[in-house]
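Trainee: Sequence first, then the predicted structure:
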Amino acid sequence: MQTIKTYLFWLLSVVLFISCSRKADNDNKKVFNINLDQNLTSLDPAFARNQNAIWMINQVFNGLVQIDKDLNTVPCIAKSWLVDEDGLTYTFNLRNDVYFHDDPLFKDGKGRKVVASDFVYSFYRLIDPKVASSGGWIFSDKVKDQNSFTAVNDTTFQIKLTKPFPAFLNLLTAQYCSVVPKEVVEHYGKDFRNHPVGTGPFRFKYWKEDEILVLLKNENYWEKDPENNRLPFLDAVKVTFISDKQNAFMNFIKKELDFFYSVDGSYRDDILTKSGKMTHKYKGKFQLFKGPYLCTEYVGILVDPNNALVKGSPLALKKVRQAVNYAIDKPKLIKYLRNSIGIPATSGFIPEGMPGFDSAKVKGYVYDLSKAEQLLAEAGFPHGKGMPVVTLTTSTTYKDLIEFIQGELTNIGMKVKVDVMPAAGLRDLMSKNEVAFFRGSWISDYPDGENYLSVFYSKNKVPFGPNYTGYFNKEFDRLFEQSYYEKDNRKRYDLYHKMENMIVEDAPVVPLLYDQCVVMVQNNISDYQINPLALMILKNVKKQ
């Protein structure tokens, strides 16, 4: 009975809030309306494993550091830090004016101050086997145990690593590394997922799964803009969960939503011309922003010579793999299948927009049909003669893209069969090195090229790592390990470029495109800044 009463109370609260919000438009209240096409899996930072969860967690929580729009790591709750000469000890000096959101579990219901021991607790949660966080990889191979996290005093927090990791500060910008209050987490247990208490610009109000989520302005938020105005500017964020993207887009056109993300294939031609410009139909109706997104779409090729799928396969030959790379007209693919959303991947696996990206130092493959035919002939298959059929596996969503590649490879005489399966099934096969030729994508977990190169490090072999191609190169591994000890970014990027050129030469992957994020907002929305991680940051957004 108590549960029913509680539910009815919350339902009445949210109905009243939404009603007030509608009336509040006249009172200048600013409610930011968005839609997510899939339900949230959790609002607990320890389970920030997909975009929707990351987006919402980023509104409710803060960490030690954060990224700016240019992917620089800048202060957040940590106002400054020091890294010891050996690169193993990080000491963070914390702000003393950051408070958790108000909650009945705190004294007098008022949020208490964040102290260093809160970070000790929050970070250990990620590697605590009892929690089973999907973010365990953040620290699992970098710290020894709970004692690696130390509260020197209330405003000094220290982390000791077992080995250097130059991208560590970048890694700490991940939403997994948000601070949480121990007393609230331990009171709610697994239900902390739907009773989140953080320090962020918005505080949790109500969530009915698959239907609605409401976040309210944190009136006590500590951050200010460069003009010394207290953030955030919005009064609330209201989220709906309409799974049909076309229906959701129609709600955006009707101005029932303030924000819309990505241009789906079902209505892409309605919004964008083939050259990527907004169609005349919608010109001036809303704002559209396009920018780099740290995601590389690619085709992977299994190259482990000890794998039964590789033995006897024509793709085991480097010249065949290189021919495949030359045979695909990437600009044509992007223009006609994606309405010019994306950048041809002609500079290796690390995408444009990543710090250190340099197209002059990493020369990938451009479309060259004659070169592809020449390499195929040199491999012993002139015009594909004598070459057995190869199977290219994809998920349903990318069937049109893979059929385009099938046609391109047919042009040089290769016989390609397309196998379509559910995305989850393909991921499972990839994670076991049980698929020889497959469509994949790699989305950056943090803004450092190491994250992409780790895909080819031999010690990241499946099933525990992401080396889906079974690639092994002793010199690559040596440089990869050397990069951990190089603190100078420019010198480290030089090592990255050398490794990337090895990947280009050995061709275990066919990079197709560096993706771009597309964001649409209503004309009365300002200061929504896109960034290459496609991270939703609402604290600076204004609504007229």
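Mentor: Okay, I see it. Numbering: from 1, shown residues only.
Trainee: Within the helices and strands, which one has F157?
Mentor: Here F157 sits within strand 156-160, counting by DSSP states H and E.
Trainee: in the protein, which ranges drop under the pLDDT threshold?
Mentor: Along the chain, the model assigns pLDDT under 70 to residues 1-27.
Trainee: for it, longest strand please?
Mentor: Scanning the chain for the longest strand, with DSSP state E as the assignment, gives strand 287-301.
Trainee: Check the offset of the helix or strand R321 falls within from the chain's centre.
Mentor: Assigning secondary structure by DSSP H and E places R321 in helix 318-327. Relative to its parent chain, helix 318-327 has a centroid offset of 29 Å by CA atoms, centre = their mean, to the nearest Å.
Trainee: quick one, it and strand 287-301 angle?
Mentor: 160 degrees (axes from the mean of the first three to the mean of the last three CA atoms, to 10 degrees).
Trainee: need the contact list for the residue lying closest to P508 once chain neighbours are set aside.
Mentor: Nearest non-adjacent residue to P508, counting by CB to CB, 6 or more residues apart in numbering: T469, 4.0 Å away. (Glycine included, C-beta is placed from N, CA and C.) By CB atoms under 8 Å, 6 or more residues apart in numbering, T469 lies in contact with G300, I301, L302, V303, D304, V455, F456, P508, V509.
Trainee: And for S134?
Mentor: Contact analysis of S134 by CB under 8 Å, 6+ apart lists A46, F47, A48, R49.
Trainee: can you rerun that using 6 Å?
Mentor: S134 is in contact with F47, R49, counting by CB atoms under 6 Å, 6 or more residues apart in numbering.
Trainee: Just say helix, strand or coil for it.
Mentor: coil (DSSP: H, G, I helix; E, B strand; the rest coil).
Trainee: how much space is there between it and A423?
Mentor: For S134, the distance to A423 (CB to CB, to the nearest Å) stands at 18 Å.
Trainee: Do you have the strands of the stretch 101-250 of the chain handy? List them.
Mentor: 149-153, 156-160, 202-208, 212-217, 236-240 (DSSP state E, counting those that start in this stretch).
Trainee: Redo these as a markdown table? Include mean neighbour count and distance to I443.
Mentor: Output for the strands of the stretch 101-250 of the chain, formatted as a markdown table (neighbours: other CB atoms under 10 Å; distance: least, CB to CB, whole Å):
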| stretch | mean neighbour count | distance to I443 |
| --- | --- | --- |
| strand 149-153 | 15 | 28 |
| strand 156-160 | 20 | 26 |
| strand 202-208 | 20 | 25 |
| strand 212-217 | 20 | 23 |
| strand 236-240 | 22 | 22 |
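Trainee: In a markdown table: these, plus distance to A323.
Mentor: Output for the strands of the stretch 101-250 of the chain, formatted as a markdown table (distance: least, CB to CB, whole Å):
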| stretch | distance to A323 |
| --- | --- |
| strand 149-153 | 51 |
| strand 156-160 | 47 |
| strand 202-208 | 52 |
| strand 212-217 | 50 |
| strand 236-240 | 47 |
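Trainee: Relative to V185, which of those strands is closest?
Mentor: Ranking the strands of the stretch 101-250 of the chain by proximity to V185 (CB to CB) places strand 202-208 first, at 13.6 Å.
Trainee: And the contacts of the closest one?
Mentor: 10, 14, 59-60, 101, 194, 196, 213-216, 218, 237.
Trainee: That one pairs with which strands, parallel or anti?
Mentor: Using DSSP bridges, the strands paired with strand 202-208 are strand 212-217 (antiparallel).
Trainee: between the partner strand and strand 236-240, how many degrees?
Mentor: Using the same axes, to 10 degrees: strand 212-217 against strand 236-240 is 170 degrees.
Trainee: what helix or strand is V519 on?
Mentor: strand 509-521.
Trainee: That strand: what's the following helix or strand?
Mentor: That would be, after strand 509-521 and using DSSP H and E, strand 525-526.
Trainee: Go ahead and name everything in contact with that following strand.
Mentor: In contact with strand 525-526 (CB under 6 Å, 6+ apart) are residues D258, K542, K543.
Trainee: how about the nearest residue to V416 once chain neighbours are set aside, secondary structure?
Mentor: Spatial nearest neighbour of V416, chain neighbours left out: Q406 (4.6 Å); criterion: CB to CB, 6+ apart. Secondary structure, three-state DSSP: Q406 is helix.
Trainee: State the distance from Q406 to Y398.
Mentor: The value you get for Q406 to Y398, if CB to CB is used, is 12 Å.
Trainee: go on, N501?
Mentor: Distance from N501 to Y398, by CB to CB: 28 Å.
Trainee: So what's the residue count around the residue nearest to Q287 when sequence neighbours are not counted?
Mentor: The shortest distance from Q287 to any non-neighbouring residue, by CB to CB, 6+ apart, is to V521 (5.1 Å). Residues lying near V521 (other CB atoms under 10 Å) number 23.
Trainee: check contacts around V521.
Mentor: Residues counted as contacts of V521 (CB under 6 Å, 6+ apart) are F259, Q287, Y528.
Trainee: If we use 7 Å, what do you get?
Mentor: D258, F259, F286, Q287, Y528 (CB atoms under 7 Å, 6 or more residues apart in numbering).
Trainee: how about these, which pair is most distant?
Mentor: Largest pairwise distance in the contacts of V521, by CB to CB, is 11.8 Å, between F286 and Y528.
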